[in-house]
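Visitor: compute the structure for the input listed below.
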Amino acid sequence: MDSTNHTVHDVDADYLAAWPLPQPQAEGDKELRGHVLVLGGSREMPGAIILAATAALRAGAGKLTIATGASVAQLVALAMPEARVIGLLENDTDGFHLDALGSLDPLADKVDAVLVGPGMRDAPCTARLVHALLPRLDAAGVGLVLDACAMDVMLHMPHDWPEGKPMRFERPVVMTPHCGEMAHLTGLEKECLVGAPDAPALQAAREWNAVIALKGARTVIAAPDGTLWQHEGAGNIGLAISGSGDVLAGIIAGLLARGAAPEQAACWGVALHARAGDRLAQRLGTLGYLAREISMEVPALLEQLAHTDHIKRSADDRNIRTVPGDEQLGA
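Guide: Alright, predicted model coming up:
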């Protein structure tokens, strides 16, 4: 696909100010802020789901449920006192048994967004679980974010899948691959994706009916309708650390739960994640800050960006220009 002449929208402070997130009413309760379910974790990586779940709450979701392996559920519950934690039956390969559907299916009518993938290890088993969940989530209109090995749903089809039929989601989901994962999913060379991510991201978004946030120093976000965004200078090298992607996926899921559309949640999530890295680098240094610290910056960033939107709209109402410093907000 040729994207040479394709319009690319810059996800900068001005763009975000013109695209404000849904805001809960001041008198609302936690239900109105959205309920997010985070499904993931494993014996060797329970921390990933803690990072993602924390980020979902920091992004403004009001209610949190975590579904993880029974072997680590108590540990996760102690680390996340804000959450309801459900222990799922695990198999010998550290994946979840399909019996987990019995615990997950009743939640479809009670949650607004689901994140699947952080800390999961058995890709084929995870894909089977996602395929089994999809019809229920689609019927309930639940937003879905697929991260890490959960994206292998594109490669591992159910045994009764029609031969030759490509995988395509009924409703748009958000997928968050880095270039290595995108190469794995598409068969393209990683080096080609790093150098020219636009066309592959657009093609995958259209064919899969997914919002693709293809992560890198220049992150591109592609929507199924062909709209393309970019965020350049995505934070700094300090963001290239274990757990950083889990935090990004959690932020996006939290924004989805609040009522953001998939493409808005992805664009805002990428921008917040990058800005959080910039703030940490300024305070602590470019290298050495931790993934767990990224989400701590998000609430203040949300507040500042919302304030910028208020200033911009007030100025527009008065038909005057805003002060450049207010528009930039350190972007």
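Visitor: could you use CA atoms for every contact and neighbour count after this?
Guide: Fine.
Visitor: and stretch 6-14, end to end?
Guide: From its first residue to its last, stretch 6-14 covers 21 Å (C-alpha to C-alpha, to the nearest Å).
Visitor: try stretch 77-90
Guide: End-to-end distance of stretch 77-90 (C-alpha to C-alpha): 17 Å.
Visitor: do stretch 174-185 as well
Guide: Stretch 174-185: ends 15 Å apart by C-alpha to C-alpha.
Visitor: what are the buried residues along it?
Guide: Across stretch 174-185, burial judged by 16 or more other C-alpha atoms under 10 Å covers 174, 175, 176, 177, 178, 179, 180, 181, 182, 183, 185.
Visitor: from residue 202, how far off is the first one?
Guide: What it means is residue 174. From residue 174 over to residue 202 the distance is 13 Å, taken as C-alpha to C-alpha.
Visitor: so what's in contact with those two at the same time?
Guide: residue 212 (C-alpha atoms under 8 Å, 6 or more residues apart in numbering).
Visitor: after the helix or strand encompassing residue 256, next one along is what?
Guide: In this assignment (DSSP states H and E), residue 256 forms part of helix 244-257. Next helix or strand after helix 244-257 toward the C-terminus (DSSP H and E): helix 262-284.
Visitor: check the offset of that following helix from the chain's centre.
Guide: 12 Å (C-alpha atoms, centre = their mean, to the nearest Å).
Visitor: that's a helix at residue 9, yeah?
Guide: No - counting by DSSP: H, G, I helix; E, B strand; the rest coil, one finds residue 9 to be strand, located in no helix.
Visitor: who does the residue lying closest to it once chain neighbours are set aside bridge with?
Guide: Nearest non-adjacent residue to residue 9, counting by C-alpha to C-alpha, 6 or more residues apart in numbering: residue 229, 4.5 Å away. Assessed by DSSP bridges, residue 229 has beta-bridge partners residue 9, residue 221.
Visitor: who's in contact with residue 229?
Guide: 8, 9, 10, 11, 220, 221, 222, 267.
Visitor: do residue 65 as well
Guide: Residue 65 touches 35, 36, 37, 38, 83, 84, 85, 86, counting by C-alpha under 8 Å, 6+ apart.
Visitor: could you tell me which of those count as buried?
Guide: For those, buried by 16+ other C-alpha under 10 Å: 35, 36, 37, 38, 83, 85, 86.
Visitor: doesn't residue 219 belong to a strand?
Guide: Yes - counting by three-state DSSP, residue 219 is located in a strand.
Visitor: what about it, how many residues nearby?
Guide: Residues near residue 219, counting by other C-alpha atoms under 10 Å, number 25.
Visitor: which residue packs closest to it, ignoring adjacent ones?
Guide: Nearest non-adjacent residue to residue 219, counting by C-alpha to C-alpha, 6+ apart: residue 231, 5.2 Å away.
Visitor: the host helix or strand of that neighbour vs strand 218-222, what angle?
Guide: Using DSSP H and E, residue 231 falls within strand 228-232. Per axes from the mean of the first three to the mean of the last three C-alpha atoms, to 10 degrees, the angle that strand 228-232 makes with strand 218-222 is 160 degrees.
Visitor: about what we covered before: the residue nearest to residue 9 and residue 248, how far apart?
Guide: Separation of residue 229 from residue 248 (C-alpha to C-alpha): 17 Å.
Visitor: got it, and residue 69?
Guide: 22 Å.
Visitor: please apply the same query to residue 75.
Guide: 22 Å.
Visitor: okay, those two: which has more neighbours?
Guide: Each of residue 75 and residue 248 has its neighbours counted (other C-alpha under 10 Å); residue 248 has more, 27 against 14.
Visitor: which residue packs closest to residue 23, ignoring adjacent ones?
Guide: Closest to residue 23 by C-alpha to C-alpha, 6+ apart is residue 258, at 7.7 Å.
Visitor: show me the contacts for that neighbour.
Guide: By C-alpha under 8 Å, 6+ apart, the neighbours of residue 258 are 22, 23, 24, 32, 33, 34, 35, 60, 61, 112.
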